[in-house]
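In: Here is my input, please return the structure:
(2 chains)
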Amino acid sequence: MNGHRRFSTADSLRRGLARIEAFFRRKPLDRDLEEEVASHIAMATEDNIRSGMTPEEARRKAMVKFGGVEQAKERQRETRGLPWLETVLQDLRYTMRTLGRDRGFATVAILILALGIGANVVVFSVVNTILLRPLPFYDASRLVWIAPANAKGLSGSTYSVDAYEDLRLMNRSYDDVTGYFAFSTEDNYKLTGRGVPLPVTGIMVAENFFHVLGVEPMLGRQFRTEESVKGGPPAVMLSYPFWQRQFGGDRAIVGKPIEMDGKPVTVAGVLPASFDFGAAFSPGAKVDVLTPLIMDDIRFEGNTIAIIGRLKQGVTLEQSRAEAKTLFPQFYWGKRFADSKGQYTAHPVYLKEYVSGKLRRSLIVLWSAVGLILLIVCVNLSNLLLARAAARSKEFALRSALGAGRGRLIRQLLTESLVLAAAGAALGLALAYSLLTYLAHQGSIALPLLNSVRLDGTALGWTLLITVSTAVLFGLVPGIRASRSNVQEALKDGGHGTTEGRQHERMRTALVISEVALACVLLVGAGLLLRSFLKVLDVDLGFQPSTAAAVRVDYDDGGKTEKRTAILQNIAQRVGALPGVEAAGFSDNLPLDRNRSWGSPRIKGKNYKPGELPGSFVYIISPGYLRAMGMRLRGRDFTWQDNDKSEGAIVLNESAAKGLWPGEDAVGKMAVMGKKDVRVIGVIADVRDTNVEGKSGWQMYLPMMQSDWGPDGAVLVVRTKLPPQQLSGSVMRTLRDINPNQPAVEFRPMQRLVDHAVSPRQFFMMLVGVFAALGLLLASLGIYGVISYSVTRRTQEIGVRMALGASPSNVQMGVLSKTLRMAAVGIVVGAVVSLAVANLIASLLFGTTPTDPTTFVAMAILLGAVAGLAGYLPARRASRINPMVALRNE
Amino acid sequence: MGDVKLDLLQGTLDLMVLQTLAAIGEMHGYGIARRIEQVSGDEVLLNQGTIYAALVRLQQRGWIDAEWGASDNNRKAKFYSITKRGRKQLADDTAYWLRLSGVMGRVLAMGDEGKQ
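Out: Next up, the predicted model:
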């Protein structure tokens, strides 16, 4: 029939529609058919009688001629309707009845599936948001982050204004290059003119910033050129949440002036909700407004600009890197200084890589961990279904004796697992949705883009995929086994100790062992991460965050050092006198908060080659700060008299002191900062400056009271005897009393800075820990199920043994040792696999080796103990079997 | 029903039904089955019941119509009749079968000539 169209598409289409219609008109059509067949047989019978048969003979002959009446009707129904859909519906109805009868099983199975699928959806959504989905910018795959290779911290990855401007002019790789001022502090502006001044965090961005990223303001316009030059009209771009919060989403605000820092500033526009500066460039920070970066203001402030480029269409990353190799050495730190050329290098990376590349490994580990959970869930459900299948073997035997084909039985069982998986997925999605909503509002977790995590179409697709594959995975094995079972064997009563039963149990044991092994891998992984996290918390930060708090202080010194000193001294003294305050002092900068390095001090009279000394992290502080932070100091602290009238003074950290004067005590030595002589008055223990896990670099502390170093604002740090929150009221009242313009900034416990810095590690550790706990729970459920079932099956055997003199404790030990043997095999297998897996996560560990014996042993003991507990309950039941009752039941 | 032979038989039955209706006009299922048996002698082993699947299929494709009516001895029966589209299909299918059987006949008539 190839090549010959036997009927037209229109005819097939008509038939298709007719079949669908027939599917819904089952009852009347069946009645119709019934009548038609009846009249057929009646007519045939009449004809036969007419040809001389007896009525009985005539009817019998007619029936024989007709063939099987029911088969013929079934054939007609199948031809007429949608038989596959009817089968599916039938299977579904049957499944609902079966599961409804076994509610306990259904509930447990759905809960397990919901946990497994929910966890997977959550992690997938996080992975999707951070790793897979493109950044929320136009054609984000062409955006690159331009910084030196292996830049350490922000300071190492920023450029001077002159270098930035030369790059814009001279490059051939980019459509355009833009940048932002990388060293803005939190709450660096005040929104004034509306009652109590409100702290606002703003980032200064280059005029073309939004243009290069391809972000259009939701309302209003981009910055204008004249707004980005010195003395131009001030303008501000509001972030969507800030606009909602402060201006109630008032559209009329656009184009109007608002008051910031007491001066009118025009609102150029409002950014769309999808644009979140912090989410991409400074995870965990909220950014309220963006302002035009006026290059001339910061031209000689050093390397302050973080640079982003948009690759030209057709230019590869490699080409831009090759260009950078020859281009960047031509740039000047400042064109005023002829010798400041040649310090720069760059190794552009994709912006996406910059934002989330560091997290790739952690996220993949997380993804694998939930994958393992899902695997354990499958094994667990396979196990439950096998147990059920054993109990239902008679039902299946009966159905197959009544003519259900093997395919039909497997399909029935798959329908059951699909229904279970779908219910589990629905519940899991609900769980995932609430968890994701919670995560998206956790501003304190320093993970990029986390605030935009949500359950999207991709995640739903993923859910569907894992749901179906889970159902097939856990439903197929029991299905095939059940359908293969021997009808005769199964229908015969009893069947204790038959091969079938033993095989069944062996299979279930194997499943439980693999479950234990999988759980072991998860536990070891979680254990290693937990130990790393504890090690991180144990790190000597160089300061004591526990009872300290910080608040940004507003002051108006008119640019005069003396006036500033007087104001700050007054504040420090009045706050220091408050009850509960142990020490108070200022710094313009807090550890773990931001990043700024300057040229290091030199030993007086010694010549250094360029680049010989590393840069130093600089803090400009007041007396009392070191004590308020709980830093350990040798030598003396600054006093309010370390001002312009006295000798220059500096405090170094151990690294800088040892670097400059190896083998000598630096205290009392003279150094040169820029052109000013400074005496090292003290040395403090190294402070973790940019992150908790890295090594400290050189650090120096300079007095605010000397006019050579203007501080960049002032943060008041208070050390208390009370919990910091209790002091918040009195400190803020004092500040407001001294300066009515003091904005209502937050009184931040120092611990929060540390928490923020370790939050990504904590986040991963918590999730992997939760998954490991889940794995442990599932594994113990599996053990319990198998042991409990085997005790039930062997009730009579145990009864006989007890009647023959076995003591209850003998029986109990027997069951327990069986459990522990099973667990031991699983643990050994799991430990071996863990050794391999642990090496893969070695780079995520801190101060912990991947083969850390403590972790391995602890996890083995934990798993063994839980397994023992799971086996103990059935063991106790076994020991309480009454031999008389057990034997009478036979 | 994936069996090729069965498929061919099914198509064959459909064609027989169409031809029967075209030849004798309106007829019920029993009559159609009887007619096919009579015409084919005893050469076709037909379970009369199988005709109903063929009838519903042809009806759904719009090649035949069905209507309840009364039989010769006044019994209620469903009467089928061929439609215009059915006649066209019958012509197509007949041409196809004749061509096919012609070709088959020639091929099978080859006999042993090939071996000589």
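
In: Which residue is the nearest non-sequential neighbour of the closest residue to chain B within the stretch 601-750 of chain A?
Out: Residue nearest to chain B within the stretch 601-750 of chain A: residue A:693 (64.6 Å; Cβ to the nearest Cβ). C-betas here are computed from N, CA, C, even on glycine. Leaving aside its chain neighbours, residue A:693 sits nearest to residue A:846 (5.5 Å; criterion: Cβ to Cβ, 6 or more residues apart in numbering or on different chains).

In: next one: residue A:88
Out: With Cβ to Cβ, 6+ apart, the residue lying closest to residue A:88 is residue A:415, at 7.3 Å.

In: check contacts around the one you found.
Out: A:88, A:91, A:92, A:94, A:95 (Cβ atoms under 8 Å, 6 or more residues apart in numbering or on different chains).

In: Quick check: the nearest residue to residue A:134 once chain neighbours are set aside vs residue A:286, distance?
Out: What sits nearest to residue A:134 in space, not counting adjacent residues and going by Cβ to Cβ, 6+ apart, is residue A:140, at 4.5 Å. Per Cβ to Cβ, to the nearest Å, residue A:140 is found 22 Å from residue A:286.

In: Tally up the residues packed near residue 11, please.
Out: Just going to use chain A. Neighbours of residue A:11 under the rule other Cβ atoms under 10 Å in any protein chain shown: 16.

In: meant chain B, my bad for not saying
Out: Residue B:11, neighbours per other Cβ under 10 Å, totals 16.

In: Give me the buried positions along the longest helix anywhere in chain B.
Out: Looking across chain B with DSSP state H, the single longest helix is helix B:84-109. Buried residues in helix B:84-109, defined by neighbour count with 16 or more other Cβ atoms under 10 Å in any protein chain shown: B:85, B:86, B:89, B:90, B:93, B:96.

In: Repeat that for stretch A:565-574.
Out: A:565, A:567, A:568, A:569, A:571, A:572, A:574.

In: Could you name the specific helix or strand carrying the residue positioned nearest the centre of chain B?
Out: Note on chain B: the residue nearest the mean C-alpha position is residue B:16, at 1.6 Å, using Cα atoms, centre = their mean. Following DSSP states H and E, one finds residue B:16 within helix B:4-24.

In: Residue A:411: neighbouring residues, count only.
Out: So residue A:411, with other Cβ under 10 Å, has 17 neighbours.

In: Point me to the helix or strand that includes it.
Out: Under the criterion of DSSP H and E, residue A:411 resides in helix A:406-440.

In: State the mean pLDDT of that helix.
Out: For helix A:406-440, the mean pLDDT works out to 88.

In: Just the buried residues of that helix, please?
Out: Buried residues in helix A:406-440, counted by 16+ other Cβ under 10 Å: A:408-429, A:431-433, A:435-436, A:439.

In: How about stretch A:57-75?
Out: For stretch A:57-75, a neighbour-count test (16+ other Cβ under 10 Å) marks A:58, A:59, A:61, A:62, A:63, A:65, A:66, A:72, A:73, A:75 as buried.

In: any idea how far residue A:41 is from the second one?
Out: In other words, residue A:59. For residue A:59, the distance to residue A:41 - Cβ to Cβ - is 7 Å.
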